[in-house]
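**Q** turn this into a structure:
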Amino acid sequence: QVQLVESGGGLVQAGGSLRLSCAASGRHFSNYVRGWFRQAPGKGREFVAAINGKGDSTDYADSMKGRFTISRDNAKNTVYLQMNSLKPEYAAVYYCAAGPLMGRRCCNYWGQGTQVTVSS
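**A** Prediction:
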């Protein structure tokens, strides 16, 4: 059974940083795109970032460029999202995902999400 489990969410002050992790089990995703999405209360799920299987190509939503960094460790079957200079409007449930395509429609495997709260 495939599972994606996020960790690293929590409460942080505006301007602070968090590093999210997503560990996969049940299959190896080294050939899959790994992605991060988020969903704020009352809003739809929003693309954040994606990284290809080799880790040498990334894609970000425009508002995240320069602020967030996605990376992966295929030996650990894990993808990361480093988030810096956080703003209150970035508070959301962050979901990791995996799939065959790069970009916003990358993914067909999903984690349960981790809550990120940013205080002003």
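
**Q** tell me which residue is most central in this structure.
**A** W36 (2.7 Å; Cα atoms, centre = their mean).

**Q** that residue pairs with what?
**A** For W36, the beta-bridge partners under DSSP bridges are A49, C96.

**Q** confidence score at it?
**A** On pLDDT, W36 comes in at 98.

**Q** with H28 instead?
**A** On the pLDDT scale, H28 is placed at 89.

**Q** neighbours around it, how many?
**A** Taking other Cβ atoms under 10 Å as the criterion, the count of residues near H28 is 10. Placement of C-beta: from N, CA and C, glycine included.

**Q** how close does it sit to V2?
**A** According to Cβ to Cβ, to the nearest Å, H28 and V2 sit 10 Å apart.

**Q** go on, G35?
**A** With distances taken as Cβ to Cβ, G35 is found 15 Å from V2.

**Q** more neighbours: which of the two?
**A** Neighbour count, other Cβ under 10 Å: between G35 and V2, G35 has more, with 29 against 11.

**Q** pull the contacting residues for the more buried one.
**A** G35 makes contact with 47-51, 70, 79, 96-99, 106-107, according to Cβ atoms under 8 Å, 6 or more residues apart in numbering.

**Q** try it again with 6 Å
**A** By Cβ atoms under 6 Å, 6 or more residues apart in numbering, G35 lies in contact with A50, A97, C106, C107.

**Q** does the last one really touch L101, like I thought?
**A** No - C107 is not in contact with L101 according to Cβ atoms under 6 Å; the separation is 7.7 Å.

**Q** ok, V79 to E6 distance?
**A** 10 Å.

**Q** more crowded one of the two?
**A** Using other Cβ under 10 Å, the more surrounded residue of V79 and E6 is V79, with 31 against 21.

**Q** same for the helix or strand encompassing that one, what does it pack against?
**A** For V79, the enclosing helix or strand under DSSP states H and E is strand 78-83. Using 3 or more Cβ pairs under 6 Å, 6 or more residues apart in numbering; DSSP states H and E, the elements in contact with strand 78-83 are strand 18-25, strand 68-73.
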